[in-house]
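J.: Need coordinates for the following:
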Amino acid sequence: ISMKKSLITSAILAIAGIAAFAQGTVEDYNRAYALASKFTQSKVLNTVQRVQWTENGSTLYYQTNTASGPVFVSVNAEKGIRKTYASQDAMFKALGIKQAEEPQRQRPQASKFGPQAPHWATVDEENEMTPVLSPDGKTEAYVQNCNVVLHTVGTPYSEDRIISRDGTLGNYYSNRIYWSPDSRKIFVCKRRPVAKRYVHFVESSPAGQTQPLLHTLEYAKAGDELPQFEPVVFDIETGRQIFTDNSRLVNQYELGGFQWSPDSKEVMIEYNQRGHQLYQLLAMNAENGSLRTVVEEKASTFVNWTRIYRNYLENGKELLWTSERDNWNHLYLVDIQNPSNTKLITKGDWCVRNIIDIDEKGRRITFTASGMNPEEDPYLIHYYSIGFDGSNLVSLTPANGNHRATFSPDGKYVVDTYSLVDQAPVTELRKASDGKLIATLEKADISALLEEGWVAPERFVAPGRDGVTPMYGIIQRPVNFDPSKKYPVIEYI
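T.: Numbers count the residues shown, from 1 in each chain. Below you'll find the model as predicted:
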């Protein structure tokens, strides 16, 4: 798995780094560079590659490499019966799989004058004319000359209707327009732009020329003014503007996450106050502009807003949300209309990592988490499922290790590959309902890697600066490590 490759790479880098730090000999450098050809993925056998499923979801198939060459494998998921084939064609024929013809690759046509994607730091001014079609397909809304314009589909653009008159160059309407599901209203923000700031740097030795190049990059620095937004709802029949109390949205770092409620009565707004000590999910009333708080995250230090997961359920009444409000990242089921009824789904001194799947009909969530097993390294990732009400927590990948799992198309089975930095990968097939083991598919063989002199890192746990908090890490030693000698230590956090 990918962790195996990263370990081999990091071992090479650590050895090369030690040699450089200590001004090693030519022999040291040659030995370090030689590891790239000695510690290769080809020396790790019996790993599972490219897991796929038949259309009916009853059989999985994959490729593995053995000492005698590639082997193709199919497994009956229900019974765990394993069959091997000498070629992919033979396997596909046995399983009744028709191979799709691969499209012929076209040579890309490069042009120095072609459009380029903007740099991530470039701010979109949101002022380009971009028509947005209503859900009923009858009307387009767009921004022109700083104001909102409506166009009836099928009529001349000369008959368009301007429904706002208060947009100016210094406070114009954004082109990010959101139609209500009933096509009767639109939500848009007035945007107050700020002057662009830039940083400049010199490329001293550019390829293809001897003269240096000056580069300019748009970049807002700490303390610089940021664009500010004011939410507005328009009734497209009457042209009425509905404003909100923008005093509740001061000092914005970001205003986004706009989404209409299914009944077209409210617009959800995520307000991230600058400094990241306040993050709110607000609902704006589409009739009177009033704001109510659905979720509020507050911290005296920092709300980890980039980690927040949110998912509006199809019933339009509930929202899945993650929060670190109890110092651990956990899942909450939010009652959108009655936020006081919000329920904690997961709890404990461990953290939810990612949401893998949501089964709204069965009201279950599949997710990854770390730290649930007290005897393990708390950074190891495991897969779990749990009910919306917090009941029936199931471990789908119980083995001690760092896990990477994939699921069958129908969600009934889990193919789980796990390993540790000092233990080779193992791949298992399990039931997704209860985590029960069906079959062990492969156990990786690293004997060829060990014969080349590879030594696994040493895992360790040591108390932190406070003398109490356990700190987990690994020690990677040079391949020619001599315990009687002293070595410089490269610390990587």
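
J.: alpha carbons only for contacts and neighbour counts from here, please
T.: Noted.

J.: For this structure, which segments count as helices?
T.: Secondary structure of the chain (DSSP state H): helices at 2-21, 26-38, 88-95, 447-451.

J.: least reliable of these going by mean pLDDT?
T.: Mean pLDDT is lowest for helix 2-21 among the helices of the chain, at a mean of 46.

J.: where does the stretch 1-150 of the chain dip in pLDDT?
T.: 1-23, 100-116 (pLDDT under 70).

J.: try it again with 90
T.: Scanning the stretch 1-150 of the chain for pLDDT under 90 picks out 1-25, 27-38, 41-42, 55-57, 98-122.

J.: Quick check: Val421 touching Pro457?
T.: Yes - in this structure, Val421 is within contact of Pro457 by CA atoms under 8 Å, at 6.4 Å.

J.: and stretch 288-307, how far from the chain's centre?
T.: Computed by CA atoms, centre = their mean, to the nearest Å, the chain-centroid distance of stretch 288-307 equals 21 Å.

J.: Buried residues in it, which are they?
T.: Counting neighbours by 16 or more other CA atoms under 10 Å, one finds that the buried residues in stretch 288-307 are 289, 291, 294-295, 297, 303-305.

J.: Going along the chain, name the strands of the stretch 51-200 of the chain.
T.: Using DSSP state E, counting those that start in this stretch, the strands found in the stretch 51-200 of the chain span residues 59-66, 69-76, 81-85, 132-133, 139-144, 147-152, 161-162, 172-173, 178-179, 185-192, 198-203.

J.: Other residues contacting the fourth one?
T.: So the one you mean is strand 132-133. 139-142, 177-178 (CA atoms under 8 Å, 6 or more residues apart in numbering).

J.: Which one of these is nearest to Gly167?
T.: Relative to Gly167, the closest of the contacts of strand 132-133 is Tyr142; by CA to CA it sits at 12.9 Å.

J.: Surely the closest one is in contact with Met129?
T.: Yes - applying CA under 8 Å as the test, Tyr142 and Met129 come out as touching, 6.1 Å apart.

J.: Common neighbours of these two, please.
T.: Shared contacts of Tyr142 and Met129 (CA under 8 Å, 6+ apart): Asn175.

J.: who has more neighbours, these two?
T.: Neighbour totals were compared for Tyr142 and Met129, and Tyr142 leads with 23 against 15 (other CA atoms under 10 Å).

J.: Next, the contact list for the more buried one, please.
T.: Tyr142 neighbours (CA under 8 Å, 6+ apart): 129-132, 148-150, 175, 177.

J.: circling back: export the strands of the stretch 51-200 of the chain to JSON lines and append columns for distance to Val250.
T.: JSON lines is the format used below for these (distance: least, CA to CA, whole Å):
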{"stretch": "strand 59-66", "distance to Val250": "54"}
{"stretch": "strand 69-76", "distance to Val250": "58"}
{"stretch": "strand 81-85", "distance to Val250": "62"}
{"stretch": "strand 132-133", "distance to Val250": "28"}
{"stretch": "strand 139-144", "distance to Val250": "25"}
{"stretch": "strand 147-152", "distance to Val250": "23"}
{"stretch": "strand 161-162", "distance to Val250": "29"}
{"stretch": "strand 172-173", "distance to Val250": "18"}
{"stretch": "strand 178-179", "distance to Val250": "22"}
{"stretch": "strand 185-192", "distance to Val250": "13"}
{"stretch": "strand 198-203", "distance to Val250": "25"}
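
J.: Just say which of those is most tucked in.
T.: The highest mean neighbour count among the strands of the stretch 51-200 of the chain, using mean count of other CA atoms under 10 Å, belongs to strand 172-173: a mean of 27.

J.: Now find how far off-centre that one is within its chain.
T.: Distance of strand 172-173 from the chain centroid (CA atoms, centre = their mean) equals 32 Å.

J.: what sits against the residue nearest to the spatial centre of the chain?
T.: Residue closest to the mean C-alpha point of the chain, counted by CA atoms, centre = their mean, is Asn354 at 8.1 Å. Applying CA under 8 Å, 6+ apart, we find Asn354 in contact with 367-369.

J.: so how far is Thr366 from it?
T.: 9 Å (CA to CA, to the nearest Å).
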